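>>> I need the structure of the sequence given here:
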Amino acid sequence: MTLPYLTQARAPLTSEIDAVNEFGELQKVSIPAERALTVYVDKRELVTLMTLGANPELLVLGYLRNQRLVRDVADIESITVDWDVGAAAVKTRHGIKDIEKKTAHRVVTTGCGQGSVFGGLMDEVDQIALPAGAYITQGQLYSLVNTIRLKETTYKSAGSVHACALFSTASGESDMLLFVEDVGRHNAIDTIAGWMWCMAPTLPASRGSLPPEGAAAPAVRQSRSCGPGLVGESEPCATPEASLNVDPASGLLPLPLGEGRGEGSPASSTQSLVFYTTGRLTSEMVIKSAQMGVPVVVSRSGITQMGHQVAQAVGLCAIGRATNKRFLCYTHAERLRLEPDLLAAHPASSGAE
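Purely as a prediction, here's the structure:
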């Protein structure tokens, strides 16, 4: 699978300003950056995204995927970001068919920092098939929430940002693969979608979908690929012949899953994945998660009526209000395996303060 060339134009995430506190004292505080990034596809202006600037290339890649403008990552030759002019230049291999028609209809959404999507929100939803048999245990859910709680984040130092994360439960634990913050939750999920698109052949397989013994991992050929490592840390650009590697410090070993599909990741690679967001589960967030093939979504916030309807329709387990030991499973509770002993061990989760 040939991956696109991506620059690594990571920008500073925060800046310092002077602010006056309640005592009238002047103090230095950090605030998150917010930059305009205008996306050009084959020299045609497409959209301007307001972003933190952490991983702009993957943001653009995931945006194109989630807007259903590009079907196969191999169709993109390169994404070049230049912050001096605030632009991302996307070069495709064969152009985007009917791009004028696809981008003619805009739908205003609840998305912070994005605001609209192309085409109908419900287009192709009935074609989404999430992995059967995928589930999350109550213990894995608690571990996931605790991992987010302990993580050092831009939100803790500067506030005013949303966060999304991708976890794998393939090992039996909740292992964080990627953590992304941005000024809008849709930017964060698009960045994760872009990363998943590149990493599909190396995502950890679930226990029930390991390759045959002795099977060789597929060669992942790149012209030159750059992207964040696990948990959002930037890695140097890979050499032309290199394969995508997972950071050994994470303790996760990528397993051969077969070639990634243009329409998303192989079912075996997404069966053990769980998506987390600090934002509410709107219809658009649910659709994007489902398009990525992720069967379980967890939110610190709640869910909207249309988000609930879409999750029910596609078979996605939506869990909200997930803080400490509390949560609400809104849809497809068969994907959640409760562990009553955990409640006995943690009386606070029963409702007592």
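
>>> Ala36 against Val47, yeah?
No: the criterion here is Cβ atoms under 8 Å, and Ala36 misses it with Val47 at 10.7 Å. Where C-beta positions appear, they are placed from N, C-alpha and C, glycine not excepted.

>>> Who has more neighbours out of the two?
Ranked by neighbour count (other Cβ atoms under 10 Å), Ala36 and Val47 place Val47 first, with 21 against 10.

>>> Now do the SS call for that one.
Three-state assignment for Val47 (DSSP: H, G, I helix; E, B strand; the rest coil): strand.

>>> what are the bridge partners for it, then?
Val39 (DSSP bridges).

>>> hang on, the earlier thing: where do the contact lists of Ala36 and Val47 overlap?
Common neighbours of Ala36 and Val47 are not found (criterion: Cβ atoms under 8 Å, 6 or more residues apart in numbering).

>>> How is the chain divided into domains?
With automatic domain parsing as the criterion, the domains of the chain are listed as 5-120, 136-219+258-350.

>>> Would you map the strands across the stretch 51-200 of the chain?
Secondary structure of the stretch 51-200 of the chain (DSSP state E, counting those that start in this stretch): strands at 76-82, 87-92, 106-108, 116-118, 136-137, 162-168, 175-182.

>>> Take those and write them to JSON lines, including distance to Ile319 and mean neighbour count.
What follows is the strands of the stretch 51-200 of the chain, written out as JSON lines (distance: least, Cβ to Cβ, whole Å; neighbours: other Cβ atoms under 10 Å):
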{"stretch": "strand 76-82", "distance to Ile319": "33", "mean neighbour count": "19"}
{"stretch": "strand 87-92", "distance to Ile319": "34", "mean neighbour count": "20"}
{"stretch": "strand 106-108", "distance to Ile319": "26", "mean neighbour count": "11"}
{"stretch": "strand 116-118", "distance to Ile319": "24", "mean neighbour count": "17"}
{"stretch": "strand 136-137", "distance to Ile319": "8", "mean neighbour count": "20"}
{"stretch": "strand 162-168", "distance to Ile319": "12", "mean neighbour count": "24"}
{"stretch": "strand 175-182", "distance to Ile319": "17", "mean neighbour count": "24"}
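
>>> TSV please, covering those and showing mean pLDDT and distance to Phe23.
Formatted as TSV, the entries for the strands of the stretch 51-200 of the chain read as follows, by pLDDT from 0 to 100; distance: least, Cβ to Cβ, whole Å:
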stretch	mean pLDDT	distance to Phe23
strand 76-82	97	42
strand 87-92	98	43
strand 106-108	54	42
strand 116-118	51	43
strand 136-137	98	46
strand 162-168	96	31
strand 175-182	95	30
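
>>> Relative to Asp341, which of these is closest?
strand 136-137 (11.4 Å; Cβ to Cβ).

>>> Could you list the paired strands of that closest one along with their orientation?
Paired strands of strand 136-137, defined by DSSP bridges, are strand 336-337 (parallel).

>>> Run through who's touching the partner strand.
135-138, 141, 296, 317, 319, 329.

>>> repeat for stretch 60-67
By Cβ under 8 Å, 6+ apart, stretch 60-67 touches 4, 6, 37, 39, 41, 47, 49, 70, 73, 76, 79, 81, 88, 90, 117-119, 189-198, 288, 291.

>>> Tell me the one among the contacts of strand 336-337 nearest to Thr277.
Nearest to Thr277 among those, with distances taken as Cβ to Cβ, is Ile319, at 10.9 Å.

>>> what residues are up against the closest one?
Ile319 sits next to 136, 141, 296-299, 327-330, 336 when contact means Cβ under 8 Å, 6+ apart.

>>> rerun at 7 Å
By Cβ atoms under 7 Å, 6 or more residues apart in numbering, the contact list for Ile319 reads 141, 297-298, 327-329, 336.

>>> Of the residues you listed, just the buried ones, ChimeraX syntax please.
Selecting only the buried members of the contacts of Ile319 in ChimeraX, with burial defined as 16 or more other Cβ atoms under 10 Å, works like this:
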select :141,297,298,327,329,336
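
>>> For the contacts of Ile319, please prepare CSV with the additional fields pLDDT.
As requested, these are arranged in CSV below (pLDDT from 0 to 100):
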residue, pLDDT
Leu141, 98
Val297, 98
Val298, 98
Phe327, 98
Leu328, 98
Cys329, 99
Leu336, 98
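
>>> possible to save the contacts of Ile319 as a markdown table with secondary structure?
Formatted as a markdown table, those follow (three-state DSSP):
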| residue | secondary structure |
| --- | --- |
| Leu141 | helix |
| Val297 | strand |
| Val298 | strand |
| Phe327 | strand |
| Leu328 | strand |
| Cys329 | strand |
| Leu336 | strand |
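
>>> quick one: low-confidence ranges for the stretch 251-353 of the chain?
Where the stretch 251-353 of the chain drops to pLDDT under 70, the residues are 251-269, 344-353.

>>> All the strands of it, in order from the start?
273-277, 296-299, 317-323, 326-329, 336-337.

>>> out of those strands, nearest to Gly24?
Taking the strands of the stretch 251-353 of the chain one by one with Cβ to Cβ, strand 317-323 is closest: 34.7 Å.

>>> and the closest one, which residues are buried?
So, applying 16+ other Cβ under 10 Å, buried residues of strand 317-323: 317-320, 322.

>>> Now the two most distant members of the residues you listed.
Greatest spatial distance in those: Cys317 and Ala322, 12.0 Å, computed using Cβ to Cβ.
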